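**Q** build me a model:
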Amino acid sequence: MSRFLNVLRSWLVMVSVIAVGNTVQSFRDHSFLSEKLYTGTPEFVNGLQARTFGIWTLLSSIIRCACAIDIQNRTLYHITLWTFVLALGHFLSEAFIYKTAPLTIGVMAPLIVASFSIIGMLIGFQCFPETQEEVGARQKKRN
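**A** Have a look, this model is predicted:
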């Protein structure tokens, strides 16, 4: 396995552990979201929304940690990449479309993490060994 994929695995574990902490905070006290993320319209944040956010964050954390364990599983790798794309899309839409999350440090942090993770995972695709199907397709083109 390449050195880059090992670094990516460590990054995914670190991001997963941080996400578990955010999950706990979302369940413990929903004011965390209104004070750190959705500061544009804190009145929209309630316990139900915080718990839903917490479950979504926990699911993303589990997927990312599973990918770190089995990083050469292409399906899991793609799903993990999509967790970052969805997170990036969510926070960008909340900041620029719905105006519920102004660009504070609480919003910039997940935007930066998601962006760097997407870039890292796209680079990581280059480190994957070729599958039997890819080798076979390449050999068919030569003939």
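
**Q** so which helix or strand takes in residue 24?
**A** Taking DSSP states H and E as the criterion, residue 24 maps to helix 3-28.

**Q** quick check: buried residues in that helix?
**A** For helix 3-28, a neighbour-count test (16 or more other C-beta atoms under 10 Å) marks 5, 8-9, 11-13, 15-16, 19, 22-23, 25-27 as buried. The way it works is simple: take the backbone N, C-alpha and C, and place the C-beta from them, glycine included.

**Q** packing partners for that helix?
**A** Here helix 3-28 touches helix 31-36, helix 47-69, helix 105-124, going by 3 or more C-beta pairs under 8 Å, 6 or more residues apart in numbering; DSSP states H and E.

**Q** between those, which one is nearest to residue 82?
**A** Among the helices and strands packed on helix 3-28, the nearest to residue 82 by C-beta to C-beta is helix 47-69 (8.9 Å).

**Q** next, the angle helix 105-124 makes with the closest one.
**A** With axes from the mean of the first three to the mean of the last three C-alpha atoms, to 10 degrees as the basis, helix 47-69 and helix 105-124 are set at 30 degrees to each other.

**Q** and helix 47-69, what does it pack against?
**A** Short answer (3+ C-beta pairs under 8 Å, 6+ apart): helix 47-69 packs on helix 3-28, helix 31-36, helix 74-96.

**Q** buried set for the last one?
**A** Applying a neighbour-count criterion of 16+ other C-beta under 10 Å, the buried positions in helix 74-96 are 76, 77, 80, 81, 83, 84, 87, 88, 90, 91, 94, 95.

**Q** which helix or strand contains residue 103?
**A** Per DSSP H and E, there is no helix or strand for residue 103.
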